[in-house]
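1. Sequence plus predicted model, see below.
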Amino acid sequence: MTRAAQTSPARVIVIEDDEDLRLAVSTELTASGLRVDTAADLAAADAALSAADYDCAVFDRMLPDGDAIGFVHRRRQAGWAVPVLFLTARDSLADRVAGFEHGGDDYLVKPFAVAEMSARVLALCRRSGAGRPSVLSHAGLELDCARRQLRRDGVLLTLTDKEFAVLEYLLARPEQAVPRGELIEHCWDTTADPMSNVVDVVVRRLRRKLGEPELVHTVRGVGYRLAS
């Protein structure tokens, strides 16, 4: 029996024009186990949000090409439901209320502690996955996504973040051929080279850890399949 779950780690986009702050925020979120993409303005954010699915978006309010609350408001009117955290130096009550009224889910005033920012983003990511089961099981494997634990036939195994992400994606699609490019898109950030062998390296490590009989099979010319 297989139970579906959200692919992990969660994917976040950070839109911030200050390069140093953008790096600090993305580094902290990556250290928290999230996949992080970044953008420096609303145009780049629009392109990224149209090309990929995200569990949370972190917006600096005042960007070179406009106020982010107008951008978020327009997307909300079009049905966009991704949780949004606004980062801003504008700390008046009116500004905070405007952030919520225009589609924000949380509001953090600069300067802020990156640890608090990370905790808020993780909470929003959990909210975006609310109601979805967090355990996957198939062919003797049981992957607890919430606790980030894997067992095979009851034996606890230790995985790296990337091994966990790849296995979870395959477990959510048992017996299906999953292309390498799809694994890169969902388990790595946008800096990953789709022509590299990063997926193959992670799969080799996974096979060693999972042991025999082999569960992750190569589908020639396509990618990989999790089979019984």
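-> Structure received.
2. Now do the helices in this protein.
-> Counting by DSSP state H, the chain has these helices, from start to end: 19-31, 42-51, 68-77, 93-101, 114-128, 161-171, 180-187, 198-210.
3. now the ones you listed in JSON lines, with mean neighbour count and mean pLDDT?
-> Where C-beta positions appear, they are placed from N, C-alpha and C, glycine not excepted. Output for the helices of the chain, formatted as JSON lines (neighbours: other C-beta atoms under 10 Å; pLDDT from 0 to 100):
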{"stretch": "helix 19-31", "mean neighbour count": "16", "mean pLDDT": "92"}
{"stretch": "helix 42-51", "mean neighbour count": "16", "mean pLDDT": "91"}
{"stretch": "helix 68-77", "mean neighbour count": "18", "mean pLDDT": "91"}
{"stretch": "helix 93-101", "mean neighbour count": "14", "mean pLDDT": "87"}
{"stretch": "helix 114-128", "mean neighbour count": "17", "mean pLDDT": "86"}
{"stretch": "helix 161-171", "mean neighbour count": "22", "mean pLDDT": "87"}
{"stretch": "helix 180-187", "mean neighbour count": "19", "mean pLDDT": "81"}
{"stretch": "helix 198-210", "mean neighbour count": "17", "mean pLDDT": "92"}
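4. And these: which comes nearest L85?
-> Nearest of those to L85, taken as C-beta to C-beta: helix 114-128 at 5.8 Å.
5. distance of the nearest residue to D161 once chain neighbours are set aside from D55?
-> Nearest-residue entry for D161: G33, 6.0 Å, with adjacent residues in sequence omitted and distances by C-beta to C-beta, 6 or more residues apart in numbering. G33 sits 12 Å away from D55, taking C-beta to C-beta, to the nearest Å as the criterion.
6. can you check R152 too?
-> To D55, R152 is 28 Å away according to C-beta to C-beta.
7. now R180, nearest residue through space, not along the chain?
-> G223 (4.4 Å).
8. Could you count how many residues lie near that neighbour?
-> By the criterion of other C-beta atoms under 10 Å, G223 has 20 neighbours.
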